[in-house]
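In: Give the three-dimensional model of this entry:
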Amino acid sequence: MAAFTERMASVLLLWLAVCLSGTWAVDKGNFKTCDQSAFCKRQRALKPGESPYRALLETMELTNTRLTLQLINDNNKVRLLLELYRLQGNITRVKINELKPLKPRYEVPDVLIREPPTEPLSLLSQDENGVVLSLGAESQRVIVSARPFRLDIMEGRDVLMSLNSRGLLAFEHLRMRKDTFSYKVTSTVASVWDNIKRVFSSQADPEGEKKEEADPANQAETAKEEEEKVEDGMWEESFKSHADSKPSGPSAVSLDFSLPGVEHVYGIPEHADTLRLKTTDNGDPYRLYNLDVFQYELYNPMALYGAVPVMLAHNAQRTTGIFWLNAAETWVDISSNTAGKTVFGKMLDYVQGSSETPQTDVRWISESGIIDVFIMLGPTPKDIFSQYASLTGTQSFPPLSALAYHQCRWNYNDQKDVQEVDAGFDEHDIPYDFIWLDIEHTDGKRYFTWDPHKFASPKEMLQGLVEKKRKMVAIVDPHIKVDSNYKIHNEIRSKGFYIKNKDGGDYEGWCWPGSAGYPDFTRADMRAWWASMFAYDQYEGSMENLYTWNDMNEPSVFNGPEVTMHKDAMHGAWEHRDVHNLYGFYVQMATAEGLIQRSGGVERPFVLTRAFFAGSQRYGAVWTGDNAAEWDHLKISIPMCLSLGLVGISFCGADVGGFFKSPSTELLVRWYQTGAYQPFFRAHAHLDTPRREPWLFGPENTALIREAVRQRYTLLPYWYQQFYQAHQTGEPIMRPLWVEYPQDPATFAIDDEFLIGRDLLVHPVTEEGARGVTAYLPGKDELWFDVHTFQKHNGAQNLYIPVTMSSIPVFQRGGSIIPRKLRVRRSSTCMEHDPYTLYVALNPQRTAEGELYIDDGHTFNYEKKEFILRKLSFTKNILSSVNMAPDAQFSTRSWIERIIILGASKPSKVTLKTAGGQESQVEFEFDASMSVLTLRKPGMNAGVDWSVTLQ
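Out: Sure thing, here's the model as predicted:
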């Protein structure tokens, strides 16, 4: 009977999944528009104009570290408390909360890596209209205007950013529901009590009545008395068949920001849209609400799996950023005074001397919580990255093998299948590091278990991979099968760790196992318990080469509203609506902690997550979810990962080949060629698609895919060094051109090519049947070298590149030195001690520089200064390697086997000088037609000082 029930559950789930996925296209009807989201509709109905809020300057208090000031809404007399902080590193923090909320409002914990350190604020001037405060650096100041309330941040005469300049600050105060029995009792008692007080006080003090009315403490009472318009959706709301009880009533917050001089804004992932954000005047705002969206539509502002409420604004003079720290459902409206103007219209403005400065206006609307916003003032893109990293941390430093190639599908059927796929890679001479198992590897979708028939001896399977220096990832989702014979479920239930429904019972929803409970990852004790489940003695069959994939952690609830959890579910004292966008962040945090703990804190974890929030970069990698085998989905992977990198999440990739549907061989090859140059490189496919291991499409296509994967492996030293830099600085790895060329407007909207670090430019071929691509090579004083042919090109030009099926247009910047390992083996770990080839690309001044980073590739020992960091530089015909970290200790067996200098002239002799002072001659070859000098087997260790002189 139990087996029959389980089979029926599986059939029902498959039917549900098919219903949700439709004909492999998103059913937009499953997801709300702004008009269907009551708070968004309410807030959006407010039009720009005079703000009802004014600042009560007499309440201002200024300490060394913060300014506080009360704001009053003249319509309802509710008071808010404004807090203003000047933070270290050119950041201003603005917090707005109710002065006296009915109960506490949610403030997001755990996302900031610490309480941000403050710097002194000083008062420059004050009158009845407002106050002016100094922000320290370079004549920066903040002006607080009183009536109506607005904030302007200025530098010299320039306004950098204005808050509430369009009067769209809105703060729905918590209130009692007026049609409830408890409200009527409370208000009756209160009015009787007021009458008694009034009688007594007026007898004692005839002036008392006037005083009482003026007393600020009583204005909150006045607000409660004032009849406020009750609109649909304030106290309950329904969507399709789902009801949301809204016990706290309306609680939305909203604020507008104006950005003078700005036409380009970026960020607020995750959306399947262009890199440069579009204006939203004629459609929905961009939505941030983590959702499980089957095969999403492209080029629209619908919410997807993750949400990072960070926006960057850029023009040729400056970059700024806004970090809106709120985990509730959020909508972002963007408008611009230049949107819709044609090039001709802009030229006409110019000819006619139109003085209108371009301006972008942004408005954030969140369902609950408070306003807590960090204004990052740059001024450069790199400054923004470091400011944001100072708040939420940097990209975690992954094991080197995680940067190699990953092979996945839903699902490898059994141990024999895994073994055969593994052998297929060796047989076809294609390297890979990780093979992945999806949900079917478990015993009936019970995570932390193995199917007893298909995966009867997991350790034997994992040991087979260990012997080839390979690894495995298995899925562990956060929905737990409700089954009294399942240890994980029993423990969570007995400890009271499940999220509760509004009536106090354990919340249950449908997901892959059938009826499932959802652990409350917002609880630190729950996360600690979850982490302990990854211990080798708890997670049976696991070994040190098994890593983890967290999917479905939006959370996905097949029978919930919008395929997610009911907003009135309870996490302790807080509703799910307050914390929704944090859920996936906490799941990945707890899982990464589990992988670290199981090794006694020695080994770096690798965890892939689908849902994410600000700060998720600290815990691992992200992918772009359930894409499709279509050319447009290949194209969109570039702006999607670029947007994530801009907001701190560098470890990003898309399912190579597309998850849904079956790619043509041309699309599959082009996707491998693109994925090989994106940070996370994994092929993945849906259960119902034909198998697509790289050797199944004929020898020619196998060779093309092999070559793309091998290019990835040769570049692993450069990728690893980029991840080390990202971990240190917060700078993106895969980055838009404007980050390195911030004054070149031609780069501002480019999102079909990108840089890896500073020194590699990639323009993948993403058009079907392409015979050529046009790449923009930036920098008017730059040289760019084709990495395949060594052909030299000048910067600041659009270059047409003829392409064939084997082409991956990649260019190395003149002035850079890039290390590679050219001996590609079956996995990255097999290449650990192999020698390096240095590619030295000279700039017009005939100089170049780069770095070489080496450590053990997998432990946290780099934190104990166990690594090598070399500065490589070429100047005045001398190439040298010097130690950039003299206090670090590490040794390597790797050596330098070749040096290739691009843009060189022919020397008469080449001399190597090593640390001990010994000199020797180095063999060389010179290709005069391409100006390429190759030095063969100089032979020095990669970790020591040396110099090579060209004479």
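In: mind checking which helix or strand of this structure has the lowest mean pLDDT?
Out: Within the chain, no helix or strand scores below helix 208-214, which has a mean of 41 by mean pLDDT, DSSP states H and E.
In: Determine the number of other residues adjacent to Lys864.
Out: With neighbours defined by other CB atoms under 10 Å, the count for Lys864 comes to 10. (Each C-beta comes from the backbone N, C-alpha and C, glycine too.)
In: could you check the distance from it over to Phe890?
Out: 10 Å (CB to CB, to the nearest Å).
In: how near is Val263 to Lys913?
Out: No Val there; residue 263 is Glu. For Glu263, the distance to Lys913 equals 53 Å [CB to CB].
In: let me redo that: Ile439
Out: As judged by CB to CB, Ile439 and Lys913 stand 59 Å apart.
In: more crowded one of these two?
Out: Higher neighbour count among Ile439 and Lys913: Ile439, with 21 against 17, using other CB under 10 Å.
In: which residues sit in contact with Glu782?
Out: Listed by CB atoms under 8 Å, 6 or more residues apart in numbering, the contact set of Glu782 reads Asn794, Gly795, Ala796, Arg813, Gly814, Gly815, Asn843.
In: Near Val944, how many residues? Count them for me, please.
Out: Residues near Val944, counting by other CB under 10 Å, number 16.
In: That one touches Thr914, doesn't it?
Out: Yes - between Val944 and Thr914 there is a contact at 7.0 Å, judged by CB atoms under 8 Å.
In: Tally up the residues packed near the spatially closest residue to Gly620 that is not a sequence neighbour, please.
Out: Leaving out its chain neighbours, the residue that sits closest to Gly620 by CB to CB, 6 or more residues apart in numbering is Val607, at 3.8 Å. Counted with other CB under 10 Å, residues neighbouring Val607 total 25.
In: On the pLDDT front, check Val607 for me.
Out: Predicted confidence (pLDDT) for Val607: 99.
In: was I right about it contacting Gln588?
Out: Yes - counting by CB under 8 Å, Val607 touches Gln588, with 5.5 Å between them.
In: any shared contact partners between the two?
Out: Common contacts of Val607 and Gln588 (CB under 8 Å, 6+ apart): Asn550, Tyr619, Gly620.
In: Enumerate every residue touching the second one.
Out: The neighbours of Tyr619, taking CB under 8 Å, 6+ apart as the test, are Ser396, Phe585, Gln588, Met589, Thr591, Ala592, Pro605, Val607, Thr609.
In: Wasn't the second one part of a strand?
Out: No - according to DSSP: H, G, I helix; E, B strand; the rest coil, Phe585 belongs to no strand; its state is helix.
In: Look at it and say how many residues are nearby.
Out: Using other CB under 10 Å, Phe585 has 30 other residues around it.
In: same question, the first one
Out: The number of residues packed around Ser396, counting by other CB under 10 Å, is 22.
In: isn't it right up against Gly615?
Out: No - here Ser396 lies out of contact with Gly615, judged by CB under 8 Å, at a distance of 10.9 Å.
In: who touches Pro819 in this structure?
Out: Pro717, Tyr718, Gln721, Tyr836, Thr837, Leu838, Tyr839, Gly850, Leu852, Leu872.
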